[in-house]
Structures are given as C-alpha cells and as structure tokens.
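Participant: Could you look at this predicted model? Sequence included:
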Amino acid sequence: MIASNMKQSKHIEKAFLFDIDGVLTEPFSRQVNQNVINSITRLLKSGYSVCLFSGRDQSWVEQRVLPRFDSSDSSVFDLFFLSFEYGGVNCMFKNGLLLTTVDKEVIISLEIKNKARDLVRGSQDAFFDEKKKTMATLEMYEASNPEEAAIKSKGVDELYEKAKKLIADRPYLKAYRTTLDVDILHEKASKGKCASDFLNFLNEKGLFPKEFDVFGDSPTDIEAAEELYKRGLAVKFYYLGEREISDVDFEVIRPKGDFYDIAAESILSQIK
Ligand SMILES: [Mg+2]
C-alpha cells in the first residue's frame, strides 16, 4: 500500500486525457494502435492518472481496447478512468474490476432513439448502434481505405442533416458529426462532461493535478480541454486531426506531418 502510494505521488501533479477514435485507433479502419496503448500503460505504471474519453459505448472499448493493456498488475488501473457516451457512462477500476455508472440525467427518450433508428433502417452504409445506453448513434460501416472513407464521409453529412431535423423542436438535445458517425445526445452530455467527471474521480481520491495533457482528433474534443481550462488548470491540447478548429485561449499543439494515432504514437514516445 505504501509502495503504491509512493508510486502514485510521483506524478500527482499531472494527468492525461485521450479521446479514443483517431487517437488510440486508426480513424478509418478503427484498428487499435498497440504502440499508443503501450505508451498509456507506461504512463499508468509511472503513476500518472489517465482518462480515456469517447462518444463510444463501453462494450466496444471493453472488447477491443482494454484487452490490449498489460493487466498483470491490476493496481496500475487504480488511476484509470473511462468516460463513454460523452460522460453518460463512466467506468473505474476497483481491485482490477470495472465498475460502471450510468448518468440518468443525460439519457435520451426512447421515442427519439426509435426515430433515429428509422433514419438508417434498411441502409447498406450505416447502422444504428444498439449498445448505447444514454444516446443515439448512427454509424457508417468501417472503410477499408481513405478513398472509401471520403465517400462515406458524404453519407455522414447527409445523416447529420437528418439528425438535426429530427431534434429541431427539442432544444435539450444536440447532434454531433464525427469522422464516421452522427450522435444525438442530451445537451448536458459532452466531452467537457467527461473531463469534469474525471476531475471528480481524481478529487474523490484526494488528487488535484494542476496540469493536463489532452489528446483529441475532432473539434468536439476541445470541449474536454476547455472544461479544464475554465477551472483554472494548465492545459495543453494536442490536436491530431485534419479538420479546422477554432481559436482557443489555451495552448494547442498540432504535430507536423502526421495525424491521428501515428502522431499520438510519436508524441507519447517522447513523454518520460
Ligand atoms: Mg476521435
């Protein structure tokens, strides 16, 4: 116990947040980048706290991402926080077991879910994600190359327009467009909520880091960095995506040349 506390106190001042798609994974094939996972495992082993945040559902990450982490020492996961569905579903580890909390406040109605499902009924290109607990996601099938991804991207635009129309008379809902999907969610759910819930998790453990490195590849990921910045914390936002983002008051680092998981891989290899 003493040894574990000493290990944790080493890097108590700093924490890391990672978006999942396009940071831990190649964005179009959704293949998990093992080198990025190994670097995050190294951060956890060094005693840093780490949050993975995503619009994704928990089961995808449980099946395809978590098994890639070296779990030989379960105490490594004590400072590991996972925030899914834009903060609608949060997970932490206790003695190596994953504990899940669903935030009832951000669950969208069954009626909207059903109408969202109807938007892709019979579609060859897109499907409704049945695993989401608090929101609705219309998702394109995986693309095998960038050309195919570009075509699919147009399909996402069309879905996004339909989703916006669907929620037009419900101001407490919003629609997000990501690389290959469209999300319909409660206005209180956001990547900012993920960051806020992560802070609560840390504070409950008596941890108050002052410095945060946030990694993201889409404009909505900025919300996570913004939330921390608003609270007076030092934030660096590593933007690994290609789409334009608006100006912000905190430091944004855009790697030259590489994007997505490849960029994450090289940045993380330099963090000791
Ligand atoms: Mg992403």
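Facilitator: Received the coordinates, thanks. Not measured: the values here are computed from a predicted model. Numbering: from 1, shown residues only.
Participant: hey, let's count contacts and neighbours off CA atoms from now on
Facilitator: Fine.
Participant: was I right about residue 192 contacting residue 225?
Facilitator: Yes. Here residue 192 reaches residue 225: they are 7.3 Å apart, a contact under Cα atoms under 8 Å.
Participant: neighbour count winner among these two?
Facilitator: It is residue 225, of residue 192 and residue 225, that has more neighbours when counted by other Cα atoms under 10 Å, with 29 against 22.
Participant: Buried residues in whichever strand or helix holds that one, which are they?
Facilitator: Under the criterion of DSSP states H and E, residue 225 resides in helix 222-230. By 16 or more other Cα atoms under 10 Å, the buried positions in helix 222-230 come out as 222-229.
Participant: name the helices or strands packed onto it?
Facilitator: helix 191-204, strand 211-216, strand 234-239 (3 or more Cα pairs under 8 Å, 6 or more residues apart in numbering; DSSP states H and E).
Participant: Other residues contacting stretch 140-157?
Facilitator: Residues from elsewhere that reach stretch 140-157 (Cα atoms under 8 Å, 6 or more residues apart in numbering): 28-30, 125-127, 177, 179-182.
Participant: Show me what from the stretch 1-150 of the chain comes close to the ion.
Facilitator: The interface of the stretch 1-150 of the chain toward the ion, taken as Cα under 5 Å from the ion, is made up of 21-22.
Participant: Show me the strands in the stretch 1-150 of the chain, by range?
Facilitator: 14-19, 49-53, 80-84, 89-94, 97-102, 126-128, 136-140 (DSSP state E, counting those that start in this stretch).
Participant: tell me which residues in the fifth one are buried?
Facilitator: Buried positions in strand 97-102, judged by neighbour count with 16+ other Cα under 10 Å: residue 102.
Participant: which other helices and strands contact that strand?
Facilitator: strand 89-94.
Participant: next one: the third one
Facilitator: In terms of contacts (3+ Cα pairs under 8 Å, 6+ apart), strand 80-84 is packed against strand 49-53, strand 89-94, helix 191-204.
Participant: Just name the most buried of these.
Facilitator: strand 49-53 (a mean of 26; mean count of other Cα atoms under 10 Å).
Participant: Each with direction, which strands does that one pair with?
Facilitator: Strand 49-53 pairs in its sheet with strand 14-19 (parallel), strand 80-84 (parallel), by DSSP bridges.
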